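Engineer: Predicted model follows, preceded by the sequence.
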Amino acid sequence: MAYFLQKAGQQVHVLDNDYPRSASKHSAGILNPITGRRYVKSWRIEELLPFAHTTYREMEAEFGINVLHPMPMIRTLYDQRDRNNWMLRITDPTYAVYMDGKADLGTYEGRLHPDFSYGQTLQTARLDIPALLTHFRNYWQERGELTIKQLDINELQLHAEGVTYGDLQARQVIFCEGNWAKQNPFFNYLPFRGSKGEVLEVKIPEVNFDRILKRRLFIVPLQNGNYWIGTTNHNWYDHDLPTSEGRAEIIEKLKVFLRPDFEIISHHSAIKPTVKDRRPFLGNHPEYTQLGIFNGLGTKGASLGPFWASHYVAHLTGGAKLDSAVDIERFPLASTEEGVKNH
């Protein structure tokens, strides 16, 4: 949001609490056009994926960074039905650009316990989100446009011209809080769900995997030579801390298909901002139009983020109509007893 607002000529100041278990900090950043056991195209992927690739390449060129790493994805096909479904999809030209029935295991060859078959997903990539966040954090700090602080919403003053927060004055505040939005008294009426995920970073000696593998878990090569392994998904949780149960679940699933031994380097967890209808939340508050929200990217933020951030900025700066699929007006404030009355 900040990037596209600045591109549109807007002055932006970012407040960030630098929370250690934010979902973005521990995301693999996978851009994947094919999803689920039915092998369907991700929602509006024909628009989202090219826009995401273009945006990240523009960022790389503008700031001299390297964060987008294209790599194919190998997917396990567990039985003949899976294989038939995969091959049937490929007969559709709109799917064939994203799927290949001839999977090249590369350096995974001989290092996996054999499965029935494999397919290969095309146009996949990994976005190094932690590196991208670090770059923008440094960039904004150097420009005096970043405050590392937990926003105290009770200190936010609304007035006809916009908002005031301490020494900051702005026409609008856009909340990009992820799962924290559940505690935001202005937007907690929206049907957030949240899914807790746990991941491991591991070292696997002498394998040099150069592609993503999906077999109930993802194996994702990282730039430091280690591998991101995850994630668990639990809709019910008491906290966002890593657990021994989550660690054991990942280890058990990984040992089912990976032959080499591995060393656990770190264990992380976070709450992903999933929502009821699996569509992002964009828009201004129905009563307090100085306040907006950009949220609900769920597990596909690397793919969804650029397109919808640009879309929302076009609405804020040029009056473009928000797409009804993502506009928060689809969930009227009157439909809940919660919300701004608590503020």
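Structural biologist: Alright, I've got the coordinates.
Engineer: just for this protein, where's the confidence low?
Structural biologist: Within the chain, the ranges that satisfy pLDDT under 70 run 335-343.
Engineer: quick one: the helices in it?
Structural biologist: Here the chain has its helices, by DSSP state H, at 2-7, 45-63, 80-90, 93-96, 129-142, 244-257, 301-318.
Engineer: Pop the domain breakdown of the chain in here.
Structural biologist: With domains defined by automatic domain parsing, the chain comprises 2-21+130-192+276-342, 30-127, 195-272.
Engineer: now for the last one, what's the gap between its first and last residues?
Structural biologist: So that's domain 195-272. 5 Å (Cα to Cα, to the nearest Å).
Engineer: Please compute how far that domain lies from its chain's middle.
Structural biologist: Relative to its parent chain, domain 195-272 has a centroid offset of 16 Å by Cα atoms, centre = their mean, to the nearest Å.
Engineer: With the first one instead?
Structural biologist: Mean-position distance between domain 2-21+130-192+276-342 and its chain equals 15 Å (Cα atoms, centre = their mean).
Engineer: how about CSV for the domains of the chain, with mean neighbour count added?
Structural biologist: In this view, the C-beta of every residue, glycine as well, is placed from N, C-alpha and C. Converted to CSV, the domains of the chain look like this (neighbours: other Cβ atoms under 10 Å):
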stretch, mean neighbour count
domain 2-21+130-192+276-342, 16
domain 30-127, 16
domain 195-272, 17
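Engineer: hmm, back to that, mind checking which of the helices of the chain is nearest D167?
Structural biologist: helix 129-142 (16.5 Å; Cβ to Cβ).
Engineer: for the closest one, packing partners?
Structural biologist: helix 2-7, helix 45-63 (3 or more Cβ pairs under 8 Å, 6 or more residues apart in numbering; DSSP states H and E).
Engineer: Pull it out as CSV, backbone CA atoms only.
Structural biologist: What follows is helix 129-142, C-alpha atoms only, in CSV (Å, rounded to 0.1, in the frame of the first residue of the first chain):
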residue,chain,number,x,y,z
ILE,A,129,9.3,-11.4,1.8
PRO,A,130,11.7,-11.0,4.8
ALA,A,131,14.3,-9.4,2.5
LEU,A,132,11.7,-7.1,0.9
LEU,A,133,10.4,-6.0,4.3
THR,A,134,14.0,-5.3,5.5
HIS,A,135,14.6,-3.2,2.4
PHE,A,136,11.5,-1.1,2.8
ARG,A,137,12.1,-0.7,6.6
ASN,A,138,15.6,0.7,5.9
TYR,A,139,14.3,2.8,3.0
TRP,A,140,11.5,4.5,5.0
GLN,A,141,13.7,4.9,8.1
GLU,A,142,16.3,6.8,6.0
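Engineer: what inclination does it have with respect to helix 45-63?
Structural biologist: 50 degrees (axes from the mean of the first three to the mean of the last three Cα atoms, to 10 degrees).
Engineer: Next up, the contacts around the closest residue to R89 other than its chain neighbours.
Structural biologist: Nearest non-adjacent residue to R89, counting by Cβ to Cβ, 6 or more residues apart in numbering: Y95, 4.4 Å away. Counting by Cβ atoms under 8 Å, 6 or more residues apart in numbering, Y95 touches I34, Y39, K41, R89.
Engineer: just W228 next, same as before
Structural biologist: A28, V199, L200, E201, F218, I219, V220, L222.
Engineer: The first one - how many residues pack around it?
Structural biologist: When neighbours are counted by other Cβ atoms under 10 Å, A28 registers 23.
Engineer: Now render the helices of the chain as TSV, adding distance to T274.
Structural biologist: TSV is the format used below for the helices of the chain (distance: least, Cβ to Cβ, whole Å):
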stretch	distance to T274
helix 2-7	23
helix 45-63	17
helix 80-90	25
helix 93-96	25
helix 129-142	17
helix 244-257	17
helix 301-318	11
